[in-house]
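Visitor: Got a predicted structure plus its sequence, pasted below:
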Amino acid sequence: MVGAACSGSNGSAATLLCLDPGLRRLSRSRDAARGRRGSPKLPRQADRLEDYQINTDLSDDTGPYLQHISDRELPDDLALESNPSDHARASTIFLSKSQTDVRDKRKSNHINHVSPGPLSKKYSSCSTIFIDDSTVSQPNLKSTIKCVTLAIYYHIKNRDSDRSLDIFDEKKHPLSREQVPDDYSRTDPEHKLIYRFVRTLFSAAQLTAECAIVTLVYLERLLTYAEMDICPCNWKRIVLGAILLASKVWDDQAVWNVDYCQILKDITVEDMNEMERHFLELLQFNINVPASVYAKYYFDLRSLADDNNLSFPLEPLSNERAQKLEAISRLCEDKYKDLSRAAMRRSFSADNLVGIRKSNAVLS
């Protein structure tokens, strides 16, 4: 009956009227997409984002609906260009911003024949083995904070513009009673200043190194989502908001907002609450950090440390630590053997034929 009522001279128009609102919206978005693809030019980034937004908008008559986080994810090819804090294959922003200075420094040293200086990196020998104290699961706190603050430094130094929001402006929302200098927005902070600020917060709140990496993830996600820059006038409040959110998401015993008011004596709880609320809204309440994204940021921070001669601490392998490593490796090996036996008992597929005794073939 519906098909008969819809058939007529108007064809597609009559069919469109018979569809429910969700299908009408999908059809309109496809027609719009066909119109844009008719142009011989390649689609721009804004057009692709518009296509994505049209296809994910909700109809007016569906009522209030909380969209799942997976429904807001962009296609892979678009995500690679816009959301490095969401997808592991997208390159981090801080590493790309630091490459300009690294190349210029290497070029200057080559032209001026500057010696790299004495080698400070330790190398293993037959008698001594040096092991890095930092791993992806247990990073070294001091070295990680140094790398994270160096990434923030390159963000500020090589920023594209000075786009900001009032909630993060230190002139309008000061963190201390000291008067903010008039030229505060024109002077870039040094790496040592950023490190002391972050180190003070982490020491007072007893935060972990993993929290520092998540802080950097949230910071870059904020810059991407809100289309803003971290600059001299807002870097302290942005970093404080990212640390506040990362500590609540990552640590089991999170630091309360009132505790930060005891660390920063002149800030109020109301100001902290308002900044946290704006931060979450700008993140679109996307506080998920996949393990692959976390690992990517960790290893990119290691690359940043190597490019800037920031060495992670190397400790000589002692007998006690060697025994621990041997016990851990033996435990992993036993687990692997148990899994292999279980797989062999279930079936003898082609993937589980390792270890089966082979008999000689008899040819007749």
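Guide: Done, it's in. Numbers count the residues shown, from 1 in each chain.

Visitor: Pull out the CA atoms of stretch 294-308 and give them to me as CSV.
Guide: C-alpha atoms of stretch 294-308 as CSV (Å, rounded to 0.1, in the frame of the first residue of the first chain):
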residue,chain,number,x,y,z
TYR,A,294,49.0,6.5,25.1
ALA,A,295,51.8,4.4,23.8
LYS,A,296,52.2,6.7,20.7
TYR,A,297,52.6,9.7,23.0
TYR,A,298,55.1,7.9,25.2
PHE,A,299,57.4,6.9,22.3
ASP,A,300,57.0,10.3,20.6
LEU,A,301,58.1,11.9,23.9
ARG,A,302,61.2,9.5,23.9
SER,A,303,61.9,10.7,20.3
LEU,A,304,61.6,14.3,21.5
ALA,A,305,64.1,13.6,24.3
ASP,A,306,66.6,12.1,21.9
ASP,A,307,66.3,15.1,19.5
ASN,A,308,66.9,17.6,22.4
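
Visitor: what ranges of the stretch 101-250 of the chain fall below the confidence cut-off?
Guide: Scanning the stretch 101-250 of the chain for pLDDT under 70 picks out 102, 104-124.

Visitor: got the residue ranges for the helices in it?
Guide: Ranges of helices in the stretch 101-250 of the chain, per DSSP state H, counting those that start in this stretch, are 141-157, 191-205, 209-226, 235-250.

Visitor: The first one to helix 209-226, inter-axis angle?
Guide: In other words, helix 141-157. Angle of helix 141-157 versus helix 209-226, following axes from the mean of the first three to the mean of the last three C-alpha atoms, to 10 degrees, is 20 degrees.

Visitor: Use 19 as the first number from now on
Guide: Let's use 19 as the start, then, which means that last one is helix 159-175.

Visitor: Give the buried residues for helix 159-175.
Guide: The neighbour-count check on helix 159-175 (16 or more other C-beta atoms under 10 Å) flags 159, 161-174 as buried. Every C-beta, even on glycine, is put in place using the N, C-alpha and C of the backbone.

Visitor: quick revisit: determine which of the helices of the stretch 119-268 of the chain approaches residue 275 most closely.
Guide: Nearest of those to residue 275, taken as C-beta to C-beta: helix 253-268 at 7.0 Å.

Visitor: pLDDT on whichever helix or strand comes after that closest one, on average?
Guide: Where DSSP states H and E defines the elements, the next helix or strand beyond helix 253-268 is helix 275-281. When pLDDT is averaged along helix 275-281, the result is 89.

Visitor: Buried residues, the helix or strand just after helix 275-281. List them.
Guide: The helix or strand immediately downstream of helix 275-281 is helix 287-300, counting by DSSP H and E. With burial defined by 16+ other C-beta under 10 Å, the residues of helix 287-300 counted as buried are 289, 290, 293, 294, 296, 297, 300.

Visitor: got it, and stretch 267-276?
Guide: Quick answer for stretch 267-276 (16+ other C-beta under 10 Å): 268, 269, 272, 273, 275.

Visitor: repeat for stretch 107-125
Guide: 108, 110, 111, 112, 113, 115, 116.

Visitor: List the residues that contact the last one.
Guide: So the one you mean is residue 116. If you count contacts by C-beta atoms under 8 Å, 6 or more residues apart in numbering, residue 116 has them with 168, 169, 172, 176, 322, 325, 326.

Visitor: ok, residue 330 to residue 206 distance?
Guide: According to C-beta to C-beta, to the nearest Å, residue 330 and residue 206 sit 26 Å apart.

Visitor: Between the two, point out the one with more neighbours.
Guide: Higher neighbour count among residue 330 and residue 206: residue 330, with 19 against 14, using other C-beta atoms under 10 Å.

Visitor: tell me the pLDDT at the more buried one?
Guide: pLDDT at residue 330 comes out at 74.

Visitor: Phi first, then psi, for residue 180.
Guide: Main-chain torsions, residue 180, degrees, to the nearest 10: phi -120, psi 40.

Visitor: May I ask you to confirm that it is in contact with residue 247?
Guide: Yes. Contact between residue 180 and residue 247 holds when scored by C-beta atoms under 8 Å: they sit 6.0 Å apart.

Visitor: more crowded one of those two?
Guide: residue 247 (17 against 14).

Visitor: Isn't that one up against residue 177?
Guide: Yes. The criterion here is C-beta under 8 Å, and residue 247 meets it with residue 177 at 4.4 Å.

Visitor: if we can go back for a sec, out of the helices of the stretch 119-268 of the chain, nearest to residue 102?
Guide: helix 227-244 (6.3 Å).

Visitor: which helices and strands sit right next to the closest one?
Guide: Using 3 or more C-beta pairs under 8 Å, 6 or more residues apart in numbering; DSSP states H and E as the contact test, the elements touching helix 227-244 are helix 111-129, helix 159-175, helix 209-223, helix 253-268, helix 287-300, helix 309-325.
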